[in-house]
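**Student:** Provide a 3D model corresponding to the input given below.
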Amino acid sequence: MYVCVKTAGYQSALMVPTEILAEQHAESLIALFGDSMNVALLTGSVKVRNEKYF
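**Tutor:** Presented below is the predicted three-dimensional model:
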């Protein structure tokens, strides 16, 4: 799904119910795609100016 969106020039988002699960998904996506795709993690505890990008 993500590769199709990326190659078409679009963005995608994945929403999950907990921050722990969000962190696990972000780590998995980074391992899967490497440097070929930007992965950003935004959670409720991340302040706007302190966004955590992987």
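
**Student:** if I look at Ala31, how far off is Glu19?
**Tutor:** Ala31 sits 19 Å away from Glu19, going by CB to CB, to the nearest Å. Glycine gets a C-beta too; all of them are placed from N, C-alpha and C.

**Student:** Comparing the two, which shows the higher neighbour count?
**Tutor:** Glu19 (13 against 9; other CB atoms under 10 Å).

**Student:** so what's that one up against?
**Tutor:** Thr43, Gly44, Ser45 (CB atoms under 8 Å, 6 or more residues apart in numbering).

**Student:** And it, how far from Ser12?
**Tutor:** Counting by CB to CB - Glu19 and Ser12 are separated by 19 Å.

**Student:** ok now do Gly9, which residues does it touch?
**Tutor:** Counting by CB under 8 Å, 6+ apart, Gly9 has no contacts.

**Student:** Need the three-state assignment for it.
**Tutor:** Under DSSP: H, G, I helix; E, B strand; the rest coil, Gly9 falls in the coil class.

**Student:** So, low pLDDT: which residues of this protein?
**Tutor:** 1-3, 5-6, 47-54 (pLDDT under 70).

**Student:** As a check, name the ranges of all helices in it.
**Tutor:** According to DSSP state H, the chain carries its helices in the segments 2-7, 19-33.

**Student:** now these in a markdown table, with distance to Val39?
**Tutor:** A markdown table is the format used below for these (distance: least, CB to CB, whole Å):
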| stretch | distance to Val39 |
| --- | --- |
| helix 2-7 | 9 |
| helix 19-33 | 5 |
